[in-house]
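S.K.: below are the sequence and a predicted model for it; my questions follow.
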Amino acid sequence: MMADRRRGRVGGLLAGALLLFAACDDAHRDELPPLTAHRSVTSKRTVITPPASNTPRAYALPYRTQRGSVYYGSDTLRALGDLATTIDRVDERLSNWATGRSPETDLPASFVYLCRDIETLLAIERHHDFKSVYGHADSASTPDRTFEPRGGYYQQLGVIALLDQPGVDVPWNIAHETSHAALARWTSFVPDVLNEGLAEIVTAWVLYSNAEMPSDDLPLDLNVVNTCRSATRRDRRAFRLAWLFGLDYWQFRDDRSDDLNFSLATSLCHFLLSDGHPSVAGRFPALIQRLGADRSPWFAFQRTYPVGLVERRWRDHLDRWNDLPWRVGFGRRWIQHGSHLSARRPARGSTALIWQGDLQPPSRVEFSLAQLPTASTVAFLTSYRSPRHFTVLGARRRGRELIRVDYREGSWDTPALWQLPDHLDPTGVWRLERSPATGEMSWSIDGETVWSAPGSAVDPGRWGLYFESRQASDRTGTSSVTFENVTVE
Ligand SMILES: [Zn+2]
């Protein structure tokens, strides 16, 4: 039976039964070498080994809330701390918006595991008797997989198990899986296109916006914009709702789709939540209610939204994304919320956002910084030609050390370093200006010039924003920075 699951009716039914044991992996594929060498951090690990007994409580620590017990286990250094707050915030805000009620208070016990490798994660699956629900000992032994096992939310087991490795954005993934768990309590079956899309939207909303409704001030994941942009150029047939709704569990996650289906799903939910048309606006909570009552999700969707109109307006929505002035140059993840642009990195790595408004760089880019993450470089990017050819102009080490350095053909030149004058606050207003007459370029902080160069010394090419994290800067293991009130002229 399992061998047939990618074809025909059996496939659809099993896809439902297998609902969600995958996380949206945040692995980052094109790492740059670090800008400067960093000290590696080593500490003692607490190893969780699933015991022979059938009591997960023996190795998972209880975290009690008013709403039920969450048992938490980790064999990485990460403490529950802020992750628990994230789980509560997702439940609270999603519940208030989607159901109009506070979250349930009598939830059955659930389990959250962070695992440093896939072997531990598979052991967790076996320990929670994965086989009794899914028919195989663990997800690695499930035949005909279309993607590597990576954990996620296991609805029937009441378990969230995730990898906690370099390059994995654990707070993001925890919020994402919590959204799945909440929807599973209110619905009978949610197709991936809605479930995965909404989980991404809810995560960005809870992490980046204080708006009560996700539709007000909806943050936009610019990496999703990137993916959808190239997809619209390749093939517009992917933007048929019936086709997206018809994808089964394995088709939706197929590695060969390169996350396109996740991005399409996110863009669809972004559209459904932000569009102002009276046949679209404000209807998502009603759709969620219908997904709990109607037998067919496609029928529930058609009862909620006029499909033809949604398809037309969704494509227009994506066409407007083509006109956005920013695109992700490399790395992830960039969030646009209002006039703010936030970069987040799980632990080490770099990411760049490129201004693509004109062929020529703009004459001025300005933003303010409320805080500088500790072990990071926050910078303008100039003379950007490719991910292998650009210049970084910014600050590192709490902003006291200013840096200008070229990246050419995969390696860094020797950086020019100088100190920020004592009276200047690095968390002020940063401005990069180019004189239209002479091409001279200057960088100022709070109106005081900290660097300048004649036009002849400046490589044209695009401008952008750059963030490099050398270690996690907060207790959730993520490093992030927000470029506030970004203006470009
Ligand atoms: Zn998911």
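M.R.: Sure thing, it's come through. None of these values were measured; they are calculated from a predicted model.

S.K.: give the ranges of residues in the stretch 251-400 of the chain that sit below the confidence cut-off.
M.R.: 358-360 (pLDDT under 70).

S.K.: how about the stretch 1-150 of the chain?
M.R.: In the predicted model, the stretch 1-150 of the chain carries pLDDT under 70 at residues 1-67, 77-81.

S.K.: what's downstream of the helix or strand harbouring residue 393, the next helix or strand?
M.R.: Assigned by DSSP states H and E, residue 393 belongs to strand 389-396. Counting by DSSP H and E, the next helix or strand C-terminal to strand 389-396 is strand 401-408.

S.K.: quick one: strands adjacent to whichever helix or strand comes after that following strand?
M.R.: Next in sequence after strand 401-408, counting helices and strands by DSSP H and E, comes strand 411-412. Next to strand 411-412 in the sheet, as set by DSSP bridges, lie strand 401-408 (antiparallel).

S.K.: residues touching residue 264, list them.
M.R.: 193, 197, 228, 231, 238-239, 244 (C-beta atoms under 8 Å, 6 or more residues apart in numbering). C-beta here means a position set from N, CA and C on the backbone, and glycine is covered the same way.

S.K.: mind doing that once more with 10 Å?
M.R.: 193, 196-197, 224, 227-228, 231, 238-239, 243-244, 247, 252, 257, 314, 318 (C-beta atoms under 10 Å, 6 or more residues apart in numbering).

S.K.: packing partners of the strand holding residue 393?
M.R.: Counting contacts by 3 or more C-beta pairs under 10 Å, 6 or more residues apart in numbering; DSSP states H and E, strand 389-396 packs against strand 349-355, strand 376-386, strand 401-408, strand 429-434, strand 441-445, strand 448-453, strand 462-469.

S.K.: at 8 Å instead, please
M.R.: On a contact count with 3 or more C-beta pairs under 8 Å, 6 or more residues apart in numbering; DSSP states H and E, strand 389-396 meets strand 376-386, strand 401-408, strand 462-469.

S.K.: tell me the buried residues in the first one?
M.R.: The one in question is strand 376-386. Neighbour counts over strand 376-386 (16 or more other C-beta atoms under 10 Å) mark 376-384 as buried.

S.K.: any chance of those residues in JSON lines, plus distance to residue 89?
M.R.: As requested, the buried residues of strand 376-386 are arranged in JSON lines below (distance: C-beta to C-beta, whole Å):
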{"residue": "376", "distance to residue 89": "25"}
{"residue": "377", "distance to residue 89": "30"}
{"residue": "378", "distance to residue 89": "26"}
{"residue": "379", "distance to residue 89": "31"}
{"residue": "380", "distance to residue 89": "33"}
{"residue": "381", "distance to residue 89": "33"}
{"residue": "382", "distance to residue 89": "38"}
{"residue": "383", "distance to residue 89": "41"}
{"residue": "384", "distance to residue 89": "36"}
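
S.K.: what's the longest helix belonging to the chain packed up against?
M.R.: Longest helix in the chain by number of residues (criterion: DSSP state H): helix 81-99. Packing partners of helix 81-99 (3+ C-beta pairs under 8 Å, 6+ apart): strand 61-65, strand 68-74, helix 170-186, helix 192-208, helix 284-293.

S.K.: return the most buried member of those.
M.R.: With neighbours taken as mean count of other C-beta atoms under 10 Å, those reach their highest mean count in helix 192-208, at a mean of 25.

S.K.: just give me how far whichever helix or strand comes after that helix sits from the chain centre.
M.R.: Scanning forward in sequence from helix 192-208 by DSSP H and E, the next helix or strand is strand 220-221. Offset of strand 220-221 from its chain centre (C-alpha atoms, centre = their mean, to the nearest Å): 8 Å.

S.K.: secondary structure element for the nearest residue to residue 91 once chain neighbours are set aside?
M.R.: Once flanking residues are discounted, residue 91 sits nearest to residue 103: 4.4 Å by C-beta to C-beta, 6 or more residues apart in numbering. Residue 103 belongs to no helix or strand when assigned by DSSP H and E.

S.K.: and stretch 115-126, what's buried?
M.R.: Residues of stretch 115-126 classed as buried: 115-116, 118, 120-125 (neighbour count, 16+ other C-beta under 10 Å).

S.K.: touching, residue 342 and residue 482? I think so.
M.R.: Yes: counting by C-beta atoms under 8 Å, residue 342 does reach residue 482; the two are 4.4 Å apart.

S.K.: still on that earlier bit, state the pair within the buried residues of stretch 115-126 that is farthest apart.
M.R.: Greatest spacing in the buried residues of stretch 115-126, by C-beta to C-beta: 116 and 125 (15.3 Å).

S.K.: is the one residue in the stretch 251-400 of the chain that gets nearest to the ion in a helix, a strand, or coil?
M.R.: Closest approach between the stretch 251-400 of the chain and the ion, counting by C-beta to the ion: residue 262, at 7.9 Å. Under DSSP: H, G, I helix; E, B strand; the rest coil, residue 262 falls in the helix class.

S.K.: so who does the nearest residue to residue 338 once chain neighbours are set aside touch?
M.R.: Closest residue to residue 338 apart from its sequence neighbours, by C-beta to C-beta, 6+ apart: residue 217 at 6.0 Å. For residue 217, the contact set (C-beta under 8 Å, 6+ apart) comprises 209-211, 337-338.

S.K.: what about burial for these, which qualify?
M.R.: Buried among those (16+ other C-beta under 10 Å): 209, 211, 337.

S.K.: closest residue of the stretch 351-489 of the chain to the ion?
M.R.: As assessed by C-beta to the ion, the ion sits closest to residue 478 within the stretch 351-489 of the chain, at 18.2 Å.

S.K.: now do the same contact list for that residue.
M.R.: 169-172, 344-347, 472.

S.K.: what about the ion: which of the residues you listed touch it?
M.R.: Checking these against the ion by C-beta under 5 Å from the ion, not one of them is in range.

S.K.: from the residues you listed, which single one is nearest residue 156?
M.R.: Closest approach to residue 156 among the contacts of residue 478 (C-beta to C-beta): residue 170, at 23.3 Å.

S.K.: any idea how far residue 153 is from residue 124?
M.R.: Plainly put, residue 124 is 13 Å away from residue 153 if you go by C-beta to C-beta, to the nearest Å.

S.K.: which neighbours do the two have in common?
M.R.: residue 159.

S.K.: could you export the longest helix of the chain as CSV, CA atoms only?
M.R.: C-alpha atoms of helix 81-99 as CSV (Å, rounded to 0.1, in the frame of the first residue of the first chain):
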residue,chain,number,x,y,z
GLY,A,81,13.6,29.9,27.6
ASP,A,82,12.6,32.1,24.8
LEU,A,83,11.4,29.2,22.7
ALA,A,84,8.6,28.5,25.2
THR,A,85,7.6,32.2,25.0
THR,A,86,7.5,31.9,21.2
ILE,A,87,5.3,28.8,21.4
ASP,A,88,2.9,30.7,23.7
ARG,A,89,2.9,33.8,21.6
VAL,A,90,2.0,31.8,18.4
ASP,A,91,-0.8,30.0,20.2
GLU,A,92,-2.2,33.2,21.8
ARG,A,93,-2.1,35.3,18.7
LEU,A,94,-3.1,32.7,16.2
SER,A,95,-6.0,31.6,18.3
ASN,A,96,-7.3,35.1,19.0
TRP,A,97,-7.2,35.9,15.3
ALA,A,98,-8.4,32.6,13.8
THR,A,99,-11.0,31.5,16.3
